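K.L.:
for reference, the sequence and a predicted model appear below.
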Amino acid sequence: MRSAAVASVLVLVAAGCGSKGEATDTGAKTGTLTVGASLSLTGSLAREGTLTKEGYQVCQDVVNKKGGVSVGGKKLTLQIQYQDDTSAPDTAGQLVDQFNDKGVRLILGPYGSATTASTAAVVERNGQVMVDSSGADDSIFTKGYKRTFAVLSPATEYAASMVQALYDLANPRPKTLAFVSADDGFSKTATKGGVDKAKQLGFTVVDTEYVPNGTSDVSAALTKLKGKNPDVILGSAHLAEGVAIVKQSKELGITPSGGFAETVAPPTPDFAQTLGPAANGVLGSTQWTVKTTGKDDWFGTASDYATTFKAAFSGREPEYHGAEATAACLVLVLGVQKAGSTEPDKVRDAIAGLDEQSFFGPLKFAPNGENLTKTMAVVQIQNGKPVAVWPKESAEAAMTWPGTTS
Amino acid sequence: MPTVDTAAPATGSPARPSEPGSVLRPPRWRRTTPWLLLVLAVVAGFGLQTQLYTGQERTASTILMFVSLAVAWNLIGGYAGYACFGQVGFFGLGGYTTAVLMTHARLSFWLALPASAVLVGVFAALIGAPLLRLRGHYFAVAMLGVAEGLREVVTNVPGLTGGGAGITVPTVDAGAPTRWLGNDGFYVLFLLLAGVLVGVGLLVSTSRAGYALRAINQDEDAAAAMGINTTVAKTMALAVSAALTGAVGAAYAFQQVTIYPERLFDVDITVLMVVMVMLGGAGTVIGPVIGAVAVAFASEWLRQHYPLVHTFLLGGLIIAAVILLPQGFTTYVHDAVRTRRFSPLANLRRYRL
């Protein structure tokens, strides 16, 4: 009971001290533009979180090297503060609240749709502004939020872009498609977008099967597809499920006459490394490639960006995770410059009216905050490497078709 | 009763048997002081609220949530000594019950919360009947399996729970059964929940049931020989612990609005509960509260100041605490006061580490 008394006294003391008040951003006075980023630096999304951080870091370095962000005749040094949300959506929301307490009102998005959905709600409530670099799930943008802007193409485009690529480039053009989708929000939305696009372009969707998110066993779903003989199997899944679809199809003797197409797995280097030759010919979709058209004053073209990135990270090739993060940071910088202020309301209005070209493609936002003018790119694994094949004007090589013969 | 004599030395603060028959009834001040302190602490919690920024308020709500969870785990894991590694299953089940009731049945949150607690309690009693026959590691592993199994079930009934895509509790549109409470509201909700749970802990600690659980912890066969119906006592403890955990899960689900199976059944939450109780002092009333506040506060502080290595540092701190205070903070203080030996080294020797 003594300890109980001690604890209560401590609580009472804590209650007595401290003072409540609104912290204000002193950025304009101190010459820095402080931006907050809650990222998954540990936990299940640590890898993607770190890639996102690299993209933010490149942006900060380049912007500061070029003199900083000009606001009302002054140059402000860009300073990004990072916090670790341990891949948990509730923590991410909590961290954005904490940034607000400290007077940090401009936010760069976390990695992933679940954490982005949670932070977007907090940003809206606090009157902050967030530029989302990786939360692609359309459901984030159906809630009427006015303060979250996504640089990337929405989830509905991931499978739809590959369907369009098949329609434009595949010869002979396949007739029947089957979808295998993970059951998380992002993958399901991507599948829905793909199915709608396929119907619109006159393909027959013979089946849509759902598998648990993150599973490495998709054999039950594939067995159901087998009898329906689809020309192309489209996987809307992450790396683990994506690898399983190709690998287990082979084991079960399922050979679609066209080939495989999968959303986010093929562009990551791990996909081709894990599958070896079986990966060749598989299509994938990506937010960005080094051939993406467009250029801006800060980063130049996509290949200029690749050079900058390689110089910063000892020769490593940039992936779309880094590029989309840099693009999000770029939007914030452009918004602040256009507004001539670091006031969140003014920055929000400036970003809403933005219409710019960049190394990441066009940056222009629909009223709900999605970047609908940008198209996705489709890659194909050729000789163990993902190469851009669609859209044609930014292709590195022609599409090999059917994909299964190579 | 003879059972009480064997059980009493194991308690955090045993009453000295001054006259026959008075063992269960310590002096009046000893019975009322804890309740007064509890009321004071809750009042202090309201005082603290006026001093916090909204962001800090949310962090404080999380700490209060972990206080509740640790106190609930202590009932089965601390008093009865049944290391329940599936506690997060009850948390998730409570959360999903509330989310489903509010989404599909449009039930008010204030009805969904008690309904979730009751459902989780009944579920725990049903699985407890067979599983509590297992002891030690076997029970721990079986409960771990229950939690994992519950997550798979929730993931595989997407029609009801939204599956892996998560479920969003309606809180803003016109048809919302209960409006979102805001950071202020949730702070109060979690504060009151923590107050109620500590109150339940106090009741259990001083009741016959509490002594029966401690007797089971000491030696289950001996307890049974002394006339305690161990099956009933254990099952009740698990059911009450689960029901309270389910209620906390319900509040968490409403606070988060959108919930996902991975987070609601995250084994990390169970591990945190166990660590908090062990560090604070298992089988005491105040121990889990101190443990939860200390661990949650340390984890938050480290994360803010060392974003890259905070998990590593927290792990190191927990290892150091376990080595220095193997019996938990509360029991250490109690022992030290009783023996007049305050040195942690003396404590190390006492526990032969």
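P.N.:
Perfect, I can see it now.
K.L.:
packing partners of the helix or strand residue B:332 falls within?
P.N.:
For residue B:332, the host element (DSSP states H and E) is helix B:329-339. Using 3 or more C-beta pairs under 8 Å, 6 or more residues apart in numbering or on different chains; DSSP states H and E as the contact definition, the elements that helix B:329-339 packs against are helix A:2-16, helix B:267-280, helix B:286-305, helix B:344-350. From N, CA and C alone the C-beta is placed, and that goes for glycine too.
K.L.:
residue B:128: what secondary structure?
P.N.:
Counting by DSSP: H, G, I helix; E, B strand; the rest coil, the backbone at residue B:128 sits in helix.
K.L.:
contacts only, for it.
P.N.:
Under the criterion of C-beta atoms under 8 Å, 6 or more residues apart in numbering or on different chains, the contact partners of residue B:128 comprise B:234, B:235, B:238, B:239.
K.L.:
on that earlier part again, out of the helices and strands packed on helix B:329-339, flag the one nearest residue B:188.
P.N.:
Minimum separation from residue B:188 across these (C-beta to C-beta) falls at helix A:2-16, 14.6 Å.
K.L.:
okay, now the residue of chain B at minimum distance from chain A: neighbour count?
P.N.:
Chain B approaches chain A most closely through residue B:55 (3.3 Å), counting by C-beta to the nearest C-beta. Burial of residue B:55, expressed as a neighbour count using other C-beta atoms under 10 Å in any protein chain shown, amounts to 22.
K.L.:
residue ranges of the helices in the stretch 201-350 of chain A, please?
P.N.:
The residue ranges that make up the helices of the stretch 201-350 of chain A, judged by DSSP state H, counting those that start in this stretch, are A:219-226, A:239-251, A:269-275, A:302-312, A:320-339, A:344-352.
K.L.:
how close does residue A:52 get to chain B?
P.N.:
With distances defined as C-beta to the nearest C-beta, to the nearest Å, the gap from residue A:52 to chain B amounts to 14 Å.
K.L.:
my read: that residue touches residue A:38, true?
P.N.:
No: Residue A:52 is not in contact with residue A:38 according to C-beta atoms under 8 Å; the separation is 10.6 Å.
K.L.:
and the two? Which one has more around it.
P.N.:
Here residue A:52 and residue A:38 are set side by side on neighbour count (other C-beta under 10 Å), and the busier one is residue A:38, at 32 against 28.
K.L.:
how far away is that one from chain B?
P.N.:
Between residue A:38 and chain B the distance, using C-beta to the nearest C-beta, works out to 10 Å.
K.L.:
flag every residue of the stretch 1-150 of chain B that's near chain A.
P.N.:
Remark: the part of the stretch 1-150 of chain B in contact with chain A comprises B:13, B:30, B:33-34, B:37, B:40-41, B:44-45, B:47-48, B:50-56, B:58-59, B:62, using C-beta under 8 Å from any C-beta of the partner chain.
K.L.:
drop anything exposed from those residues.
P.N.:
Members of these that pass the buried threshold by neighbour count (16 or more other C-beta atoms under 10 Å in any protein chain shown) are listed as B:13, B:34, B:37, B:40-41, B:44-45, B:48, B:52-56, B:58-59, B:62.
K.L.:
so which of the residues you listed sit within helices?
P.N.:
Those of these mapping onto helices are B:34, B:37, B:40-41, B:44-45, B:48, B:54-56, B:58-59, B:62, per DSSP state H.
K.L.:
I'd like the next helix or strand past the helix or strand hosting residue B:232.
P.N.:
Here residue B:232 is covered by helix B:230-256, with elements defined by DSSP H and E. Remark: after helix B:230-256, the chain's next helix or strand is strand B:258-259, criterion DSSP H and E.
K.L.:
hang on, the earlier thing: which residues are common contacts for residue A:52 and residue A:38?
P.N.:
Common neighbours of residue A:52 and residue A:38, counting by C-beta under 8 Å, 6+ apart, are residue A:110.
K.L.:
what's the burial count for residue A:345?
P.N.:
The local packing count at residue A:345 equals 13, with neighbours defined by other C-beta under 10 Å.
K.L.:
scan chain A for its longest strand.
P.N.:
Taking DSSP state E as the assignment, the strand of chain A that covers the most residues is strand A:74-84.
K.L.:
on that earlier part again, which of the helices and strands packed on helix B:329-339 sits closest to residue A:297?
P.N.:
Closest to residue A:297 of these, according to C-beta to C-beta: helix B:286-305, at 35.4 Å.
K.L.:
quick one: that closest one to helix B:267-280, angle?
P.N.:
Orientation check (axes from the mean of the first three to the mean of the last three C-alpha atoms, to 10 degrees): helix B:286-305 against helix B:267-280 gives 120 degrees.
K.L.:
so how far is helix B:286-305 off the chain centroid?
P.N.:
Taking C-alpha atoms, centre = their mean, to the nearest Å, the mean C-alpha location of helix B:286-305 is offset from the chain mean by 14 Å.
K.L.:
how about it and chain A, touching?
P.N.:
Yes: using C-beta under 8 Å from any C-beta, helix B:286-305 comes into contact with chain A via B:286, B:287, B:289, B:290, B:293, B:303, B:304.
K.L.:
filter these down to the buried ones and hand me the ChimeraX line.
P.N.:
Under the burial definition 16+ other C-beta under 10 Å, those of the residues of helix B:286-305 next to chain A that qualify are selected in ChimeraX by:
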select /B:286,287,289,290,293,303
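K.L.:
could you dump the residues of helix B:286-305 next to chain A into a markdown table with pLDDT added?
P.N.:
Supplementary listing: the residues of helix B:286-305 next to chain A in a markdown table, determined by pLDDT from 0 to 100:
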| residue | pLDDT |
| --- | --- |
| B:286 | 93 |
| B:287 | 94 |
| B:289 | 95 |
| B:290 | 95 |
| B:293 | 95 |
| B:303 | 88 |
| B:304 | 84 |
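K.L.:
tell me the one of the residues of helix B:286-305 next to chain A nearest residue A:302?
P.N.:
residue B:303 (35.5 Å).
K.L.:
what sits against that closest one?
P.N.:
With the criterion set at C-beta under 8 Å, 6+ apart, residue B:303 makes contact with A:83, A:84, A:86, B:310.
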